[in-house]
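[1] Sequence first, then the predicted structure:
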Amino acid sequence: MATAAATTTNANANAGHCITCFSDDGSVESSRYFHARRTVLEMLHDRGYDVPESELTRSLPEFRSVYGQIPNPENLRLSVSLRSDPSKMVLVFFMGPVDVIRKQTLTSIHDQIPDKGRLNSLILIVESKMTSYAKKALESFPFKVEIIEITDLLVNMAKHVLQPKYEVLTNDEKQALLMKHKLEGKQLPLMLQTEAIARYYGLEKGQVVKITYAGGLVHSLVTYRYVV
């Protein structure tokens, strides 16, 4: 009995040691904002925006040294330009933990944007529910507005090892594909615009996505999907 008790004690001690090895001395809040912001940056890079390499490779300790253990969401906002057309840009706002997002808050954000003509898209990272009046107000904004919950950004699903490669065809590439196979767009396999991967790439209805699968049971497999 004594031997068994000693073994159990040692096992518990080792288990505690293992947990300690994986613990983080910093705040949970800073870790959460770090992962969410990095996923946003990776997402924008994958969409073709000019994201600085220093932002993509920034470590958690470096993030904390800049934004602190309790980051102010307003300081996390960012804007980058499209690589293919620098005149177009995207702006990202972290809304922060509020009771509810109201119309007045969104109107204030709209008024803070200096050059609305250049804005290709506004992305709002939210942690709270949005009133129906606030959602209605977004419809009047003269640019595309995307709403993403912060919990959806804590892990970048597009970076999963089993995730295939996605490429959005240009309009010319799309037309060439459809003409080659004598198809209408909707005769291709469909992808809902509301699907997680479609939202990640910011896909629009009518676009065609080339999907390349590699490894596993097949060396390489290419398919196409039409966004609806």
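    Nice, I can see it.
[2] in this protein, which ranges drop under the pLDDT threshold?
    1-24, 161, 216-218 (pLDDT under 70).
[3] Now do the strands in it.
    Along the chain, counting by DSSP state E, strands occupy 78-81, 89-94, 119-126, 144-149, 165-168, 190-191, 208-214, 220-227.
[4] Out of those, which is closest to Met157?
    strand 165-168 (11.5 Å; C-beta to C-beta). Glycine gets a C-beta too; all of them are placed from N, C-alpha and C.
[5] buried stuff in that closest one?
    Of all the residues in strand 165-168, those buried under the rule 16 or more other C-beta atoms under 10 Å are Tyr166, Val168.
[6] Count residues in the vicinity of Ser79, would you?
    Ser79 has 16 neighbouring residues, counting by other C-beta atoms under 10 Å.
[7] if we can go back for a sec, identify whichever of the strands of the chain lies nearest to Lys180.
    If you check each of the strands of the chain against Lys180 by C-beta to C-beta, strand 220-227 wins as the nearest, at 11.0 Å.
[8] For that closest one, which strands pair with it and how are they oriented?
    strand 190-191 (parallel), strand 208-214 (antiparallel) (DSSP bridges).
[9] would TSV of those strands with distance to Asp46 and mean neighbour count be doable?
    Formatted as TSV, those follow (distance: least, C-beta to C-beta, whole Å; neighbours: other C-beta atoms under 10 Å):
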stretch	distance to Asp46	mean neighbour count
strand 190-191	16	16
strand 208-214	12	17
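[10] Nearest to Leu60, out of the ones you listed?
    strand 208-214 (30.5 Å).
[11] I would like the residues contacting the closest one, please.
    164-169, 173-174, 177-178, 185, 188, 191, 201, 203, 220-227 (C-beta atoms under 8 Å, 6 or more residues apart in numbering).
[12] Could you write out the alpha-carbon coordinates of that strand in CSV?
    Taking Å, rounded to 0.1, in the frame of the first residue of the first chain, the C-alpha atoms of strand 208-214 are listed here in CSV:
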residue,chain,number,x,y,z
VAL,A,208,-14.7,30.4,-58.6
VAL,A,209,-12.2,28.9,-56.3
LYS,A,210,-9.5,26.4,-57.4
ILE,A,211,-8.8,23.9,-54.7
THR,A,212,-5.7,21.8,-54.7
TYR,A,213,-5.3,18.7,-52.5
ALA,A,214,-1.9,17.2,-52.0
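[13] for this protein, what spans make up the helices?
    Ranges of helices within the chain are 2-21, 28-46, 53-56, 60-67, 103-112, 132-138, 171-181, 196-200, based on DSSP state H.
[14] Most tightly packed of the ones you listed?
    Neighbour counts (mean count of other C-beta atoms under 10 Å) averaged over each of the helices of the chain peak at helix 28-46, with a mean of 19.
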